[in-house]
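S.K.: Sharing a model that was predicted from the sequence below.
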Amino acid sequence: MHKRILNLILLVIIAATVISCGSQSTPKPSGYFRIALPQRSYQNFDTTFPYSFQYPTYAYITKDPYSPKEKYWINIDYPKFKATIHISYKNIHNNLTKYLEDARKMVVKHIPKANAINDSLIIDPGRNLYGLAYDIEGNGVASPYQFILTDSTQHFLRGSLYFRVVPNNDSLQPVIQFIKGDIRHLLKTFHWKPVYQPQNKDR
């Protein structure tokens, strides 16, 4: 329990090191085309993976084509919106600090184009779920939303939203807000599962 408290304190410290950045507000352009959003509906992602959650019926889960050796890395693809939530997973072996720092760096690199980075803690002892969510504001930001989850002892997961278009988040704002709602549902329904550890059998 003491180690878990220390890890939670570390999460808070890392959140504090992501400096919110401000800039003068600019008027939003008018006249963007109307984006038709689907009705929300969800289904279970509950496999042999060490985590489960609910994801939209209008999205598709695919393996990460760029990390074939990472069997628990997936993408949640939104073909209609040319958007993807990239999910990466690591099993912790006394290296949680490294994973947290790597995740922080992935957020910090967006600071030059961000108007603000709003972080919020995720703490749910009932699900052994702790983490941070980053809402990254800015018209030219490549990833407007990222999050990390951990149980502080065994599991670490990172998620990031990207669009396969040139960033113009003013025009994409309705879609960004819609997908952020899906991510909040993912976080609300997220659960860890036991990691399979093969045992050596005497022959």
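M.R.: It's in. Residues are numbered from 1 along each chain as shown.
S.K.: now the helices for this protein?
M.R.: All helices of the chain, identified by DSSP state H, fall at 2-17, 96-108, 169-188.
S.K.: Mind listing what's buried along the shortest one?
M.R.: Right, helix 96-108. 96, 99-100, 103-104, 107 (16 or more other CB atoms under 10 Å). Where you see a C-beta, it was placed from the backbone N, CA and C, and this is true even at glycine.
S.K.: which helices and strands does it pack with?
M.R.: If you count contacts as 3 or more CB pairs under 8 Å, 6 or more residues apart in numbering; DSSP states H and E, helix 96-108 packs onto helix 2-17, strand 129-137, strand 145-150, strand 155-163.
S.K.: one more time with 7 Å, if that's ok
M.R.: helix 2-17, strand 145-150, strand 155-163 (3 or more CB pairs under 7 Å, 6 or more residues apart in numbering; DSSP states H and E).
S.K.: just to revisit the earlier point, would you single out the least confident of the helices of the chain?
M.R.: Mean pLDDT values for those show the minimum at helix 2-17, a mean of 55.
S.K.: Check the gap between residue 47 and residue 156 for me.
M.R.: 19 Å (CB to CB, to the nearest Å).
S.K.: and these two? which has more neighbours close in?
M.R.: A count of neighbours by other CB atoms under 10 Å puts residue 156 above the other of residue 47 and residue 156, at 23 against 12.
S.K.: So what sits opposite that one in the bridge?
M.R.: Beta-bridge partners for residue 156, by DSSP bridges, are residue 90, residue 150.
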